[in-house]
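**Q** Build me a structure from this.
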Amino acid sequence: MKKRSFNRRRMKDSGTTLVEIVVTFALLGIFLAAAAAIIGVITNQYYNVKGETYSKQVTDIVMEKIASEVEGAKYYTESTIGANGEEKENSENPIYASDYQSMEIHDRTDTRVKLSAVDGKLRLDYFGFYDTVTPENSREATAWEFDRGVYNGYTLEELYFIRGDKLGEEGAATIADRFSFPASQVTYGKEITVIFVRLNSPKYGNYYSYRVVRMYNVPEA
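**A** Sure thing, here's the model as predicted:
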């Protein structure tokens, strides 16, 4: 019977040395660190895109609602007598707040409506009125808001309404500048309303937007 022979040297060389183990773990650590960095970048980009998408969706909903009211706003003027007896023409509708944070209009149904931001949401206050001719057409005052779920975790932190021909005013220009609106490069008349919106989310931060709306029932300047 033949005796089985072993190559002792081959067996001795077939093991893994401590140096090889250390090098392997070092390379593995480098690969894991690189992978973690790449995953971190991708995750951040994902959340940025997700936040941008959500904020744009919410802004579009809010802006569309405002624009639908403002576009069809009716326009009224009244003549008043000044201190020196001269006749002045003052616009009654639309009415812009001096701080630009609200706007009052008469909508298509001739209902007086105030648009503003209240408690982080868009709010439309419909004023009541009594119709002496047809009492059944009378309406009680009511307020309208989107459900909180529409905002997808965002709050409406700032809402401004600025008449087109007032963009050069100091306060209006400051707002336009913060929202990166090129107020100094455009010339609008009183038929234009520029709406500025800032949304905020604890998760995604601030989102700034603006929209230019033309009121078709207001005479052009």
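**Q** Report how many residues lie close to the nearest residue to Asn217 once chain neighbours are set aside.
**A** Spatial nearest neighbour of Asn217, chain neighbours left out: Tyr75 (5.0 Å); criterion: CB to CB, 6 or more residues apart in numbering. Bear in mind the C-beta positions are built from the backbone N, C-alpha and C, glycine included. A count of neighbours around Tyr75, defined by other CB atoms under 10 Å, yields 17.
**Q** my guess is Tyr75 contacts Ile95, does it?
**A** No - at 11.2 Å, Tyr75 and Ile95 do not qualify as touching, with contact defined as CB atoms under 8 Å.
**Q** the helices in this protein, which residues?
**A** Defined through DSSP state H, the helices belonging to the chain, from first to last, are 8-13, 18-71, 170-178.
**Q** So which of those is nearest Asp125?
**A** Closest to Asp125 of those, according to CB to CB: helix 18-71, at 11.6 Å.
**Q** If you count contacts, what does the closest one end up packed against?
**A** Helices and strands touching helix 18-71, as assessed by 3 or more CB pairs under 8 Å, 6 or more residues apart in numbering; DSSP states H and E, comprise strand 102-106, strand 112-118, strand 121-126, strand 192-201, strand 205-214.
**Q** residue ranges with poor pLDDT in the protein?
**A** The model of the chain has pLDDT under 70 over residues 1-16, 35, 39-49, 51, 77-92, 219-221.
**Q** Mind doing that once more with 50?
**A** Flagging of the chain using pLDDT under 50 yields the residue ranges 6.
**Q** what comes up buried for stretch 104-123?
**A** 104-107, 112-117, 121-123 (16 or more other CB atoms under 10 Å).
**Q** From Ala37, how far off is the nearest residue to Asp125 once chain neighbours are set aside?
**A** Sequence neighbours aside, Lys114 is the residue nearest to Asp125 in space, at 4.3 Å (criterion: CB to CB, 6+ apart). Relative to Ala37, Lys114 is positioned 52 Å away (criterion: CB to CB, to the nearest Å).
**Q** cool, and Lys65?
**A** Going from Lys65 to Ala37 by CB to CB gives 43 Å.
**Q** pretty sure Ile105 contacts Leu115?
**A** Yes - shown here, Ile105 and Leu115 form a contact pair, counting by CB under 8 Å, at 7.4 Å.
**Q** what's the overlap in contacts for these two?
**A** Where contact means CB atoms under 8 Å, 6 or more residues apart in numbering, the residues bridging Ile105 and Leu115 through contact with each are 69-70.
**Q** mind giving me a markdown table with the buried residues of stretch 104-123 and columns for distance to Ala143?
**A** Conversion of those to a markdown table gives the following (distance: CB to CB, whole Å):
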| residue | distance to Ala143 |
| --- | --- |
| Glu104 | 14 |
| Ile105 | 15 |
| His106 | 17 |
| Asp107 | 15 |
| Arg112 | 13 |
| Val113 | 10 |
| Lys114 | 9 |
| Leu115 | 11 |
| Ser116 | 10 |
| Ala117 | 13 |
| Lys121 | 11 |
| Leu122 | 11 |
| Arg123 | 6 |
